[in-house]
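J.: Got a predicted model here, sequence first, then my questions.
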Amino acid sequence: MDRRAFLAALASLPIWPAGEARAAAVEFAAVLPGRRLVFPRDHGAHPDFRHEWWYATGWLTLPDGSPLGFQSTFFRVRSGVGEGNPSAFAPRQLLLAHAALADPRLGRLRHDQRVARAGFGRAGFADERTGAWIGDWRFEQDGDRYRATVRAGDFAYDLTLAPDGPPLANGVGGFSAKAADPRHASYYYSRPQLAAGGTVTIAGRRQAVSGRAWLDHEWSSQPLPEGAQGWDWVGLNLDDGGALMAFRLRRPDGSPLWAAATERAPDGGARNLPAEAVAFEPLRSWRSPRSGIAWPVAWRLRAGARVFVLWPLFDDQELDSRRTTGAIYWEGAVRVTENGREVGRGYLEMTGYGERIRLG
């Protein structure tokens, strides 16, 4: 496939408006309430759905005690292009990947991105287990452990992530509503409190690291509900062994459109929190010198009876992914405090503070 054809395929990505009419003619699988997650099958890809991602983030510690944040994300997109074309070159499935290291000593993200059509061994995904790759960038499951491998221009990492329990289903049995209308939903589970270990290479120096990570796996075919400008999301690993996933969708004026959360207790018990029990309140903003976007980098988060305050590892954790997904977003390591005391660490993601995010 030549460059012009490949760029045409990219224009069909669900977050790009140019692809909406083209993809509308394709019948994507639907997210339906009552369908329970089944493992190990649901660790793998779901290629009949329009979009899917495996999202690993976490805190790492270098041998001298210095902290690093990391991100390893793989997106699978059923493009809606070439579905009736028997050619192996048809871009029916696309793979995109983002990788980043958050290093306070640098004061900004080291990050890179890739995109490729699935096929020919260059890029692909596995159906019966977690497995996604583009060249030598890989995120794969071996037994119940995960391995994230990235070799970018100015950094690299090779990390193993080991869960401490079964997957955490978000929503009702993994059916995660994004609006009152049940058509706007995804299948979604998390794996908090992953024990992370391996190596990180910066400026040619390879060092051992250890830490704690989080994995999200989500798939859907539906667009965001009308009126959604973007979202705010957190995955928090708490020091007592508990965990919290929370998100909200925002209107253009910043008011909440929808919210939800899943709380895991230290003993492994889980409960879902409804929209009225979740509130995000921005406390401080930072304006990017590159994009001009003002990002609320510190937050007060109410989840049920608990109130957390989120502080960034550093402000400039903006990631410009316009070469792949067409978006600029903020994905960063945060400290978690409660009643003035640090109680955990996690990751915060924010989208739609510049242009409206487009998904589906």
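T.: Perfect, thanks for sending it.

J.: residue ranges with poor pLDDT in the chain?
T.: Residues of the chain meeting the criterion pLDDT under 70: 1-24, 88, 359-360.

J.: try it again with 50
T.: 1-23 (pLDDT under 50).

J.: Touching, residue 188 and residue 233? I think so.
T.: No - in this structure residue 188 lies outside contact range of residue 233 using Cβ atoms under 8 Å: 10.9 Å. The way it works is simple: take the backbone N, C-alpha and C, and place the C-beta from them, glycine included.

J.: Pick out whichever of the two has more residues nearby.
T.: The neighbour comparison of residue 188 against residue 233 (other Cβ atoms under 10 Å) goes to residue 188, with 25 against 18.

J.: mind listing the strands for the stretch 201-350 of the chain?
T.: Taking DSSP state E, counting those that start in this stretch to define them, one finds strands in the stretch 201-350 of the chain at 205-220, 230-238, 243-250, 256-264, 270-273, 278-287, 294-303, 306-312, 318-321, 327-338, 341-350.

J.: Let me have those in TSV, adding distance to residue 59 as columns.
T.: Conversion of the strands of the stretch 201-350 of the chain to TSV gives the following (distance: least, Cβ to Cβ, whole Å):
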stretch	distance to residue 59
strand 205-220	5
strand 230-238	8
strand 243-250	13
strand 256-264	18
strand 270-273	22
strand 278-287	20
strand 294-303	17
strand 306-312	12
strand 318-321	17
strand 327-338	6
strand 341-350	5
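
J.: quick one: which of those is nearest residue 144?
T.: When the strands of the stretch 201-350 of the chain are compared by Cβ to Cβ, strand 205-220 sits nearest residue 144, at 11.5 Å.

J.: For the closest one, which helices and strands make contact with it?
T.: The helices and strands touching strand 205-220, judged by 3 or more Cβ pairs under 8 Å, 6 or more residues apart in numbering; DSSP states H and E, are strand 51-61, strand 67-78, strand 155-162, strand 185-202, strand 230-238, strand 341-350.

J.: now those as a markdown table including distance to residue 305?
T.: Converted to a markdown table, the helices and strands packed on strand 205-220 look like this (distance: least, Cβ to Cβ, whole Å):
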| stretch | distance to residue 305 |
| --- | --- |
| strand 51-61 | 26 |
| strand 67-78 | 29 |
| strand 155-162 | 30 |
| strand 185-202 | 20 |
| strand 230-238 | 14 |
| strand 341-350 | 14 |
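
J.: Surely residue 342 is in contact with residue 336?
T.: Yes - at 6.9 Å, residue 342 counts as touching residue 336 under the criterion of Cβ under 8 Å.

J.: what about these two, which has more around it?
T.: Between residue 342 and residue 336, counted using other Cβ under 10 Å, the more crowded position is residue 336 (22 against 12).

J.: tell me the contacts of that one?
T.: The neighbours of residue 336, taking Cβ atoms under 8 Å, 6 or more residues apart in numbering as the test, are 236, 238, 308-310, 342-346.

J.: Just the buried subset of these, written out for ChimeraX, thanks.
T.: Burial among the contacts of residue 336 is assessed by 16 or more other Cβ atoms under 10 Å; the matching ChimeraX selection reads:
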select :236,238,308,309,310,343,344,345,346
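
J.: Out of the contacts of residue 336, flag the one nearest to residue 277.
T.: The closest of these, once distances to residue 277 are taken by Cβ to Cβ, is residue 308, at 13.4 Å.

J.: Make a markdown table from the contacts of residue 336 and add distance to residue 353 to it.
T.: Formatted as a markdown table, the contacts of residue 336 follow (distance: Cβ to Cβ, whole Å):
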| residue | distance to residue 353 |
| --- | --- |
| 236 | 21 |
| 238 | 27 |
| 308 | 21 |
| 309 | 20 |
| 310 | 16 |
| 342 | 26 |
| 343 | 27 |
| 344 | 25 |
| 345 | 23 |
| 346 | 19 |
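
J.: With respect to residue 126, which of the contacts of residue 336 is nearest?
T.: residue 346 (27.6 Å).

J.: Pull the contacting residues for the closest one.
T.: Applying Cβ under 8 Å, 6+ apart, one finds that residue 346 lies in contact with 57, 214, 234-237, 244, 310, 333-334, 336.

J.: For beta bridges, what are the partners of the nearest residue to it once chain neighbours are set aside?
T.: Distance criterion Cβ to Cβ, 6 or more residues apart in numbering; nearest residue to residue 346, sequence neighbours excluded, is residue 236 at 3.5 Å. Beta-bridge partners for residue 236, by DSSP bridges, are residue 244, residue 346.
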